[in-house]
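Fold the following and give me the result.
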Amino acid sequence: MPNDLEGVTTAINEISEDVQSSFGDLSVGQLNWKPAPESWSVAQCLDHLIKSNEEFFPELDHLAAGTRKNTLWQRFSPLSGIAGAFLVNSLKKDSQKIKTNQKMTPPSNIDAGIVLTFQAHQNSLVDKLSAANSADWRKVFLTSPFVKIMTYRMDTGLQAIIEHEKRHIRQAKRVIETEGFPK
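Below you'll find the predicted structure:
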């Protein structure tokens with residue numbers, strides 16, 4: 001079975017369109033409004049997704065250049081299948097809180113261009129995946145940039161990226177549906 005570049009690209013583009021239609025007309029105040037001090041704003045959700053996805057860009061660049069090889073741990077980790085499935089399933093459950101890596105915590109005030117920045121980022125992600133499409137995504141194992149002992153196949157990692165994006169877009173939509181959101 002070949003890489004599902006078309007399916008992954010379609011999912012990423014659908015998320016981009018959803019972000020544009022849901023948040024593209026919001027003011028900077030609306031984008032940065034938080035329902036509670038410990039909650040994230042719409043802008044913070046988008047910023048977090050950009051930062052998280054960019055952690056995978058070096059791997060994609062090495063794949064595109066043909067210079068990337070699986071490490072010994074990636075080839076023989078007994079956790080690969082379990083970890084990937086666990087990650088994807090946990091991202092689908094909004095009720096399950098997942099602690100964010102400190103490096104991925106977004107700043108408090110983000111400029112109004114975050115929706116356009118997110119769109120450009122999504123286009124870059126698609127470009128990098130297209131360039132890395134010659135590698136067999138089922139034979140490439142990634143190490144999580146966030147939990148170094150967690151490894152998973154690249155195709156599973158891409159599912160996780162998509163589910164992670166969907167999760168935070170749902171979170172951002174809950175923000176604009178919260179009582180008190182500035183209209």
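
Secondary structure element holding residue 152?
Element membership for residue 152 (DSSP states H and E) is strand 151-153.

correction: residue 62
Assigned by DSSP H and E, residue 62 belongs to helix 57-65.

same question, residue 147
Per DSSP H and E, there is no helix or strand for residue 147.

who touches the residue nearest the centre of the chain in this structure?
Centroid-nearest residue in the chain: residue 161, 4.1 Å away (criterion: C-alpha atoms, centre = their mean). Residue 161 is in contact with 52, 53, 56, 125, counting by C-beta atoms under 8 Å, 6 or more residues apart in numbering. Bear in mind the C-beta positions are built from the backbone N, C-alpha and C, glycine included.

secondary structure element for it?
helix 154-177.

Check the offset of the lowest-mean-pLDDT helix or strand in the chain from the chain's centre.
The weakest-scoring helix or strand in the chain, judged by mean pLDDT, DSSP states H and E, is helix 80-92 (a mean of 79). Computed by C-alpha atoms, centre = their mean, to the nearest Å, the chain-centroid distance of helix 80-92 equals 14 Å.

Equivalent analysis for stretch 50-65, please.
12 Å.
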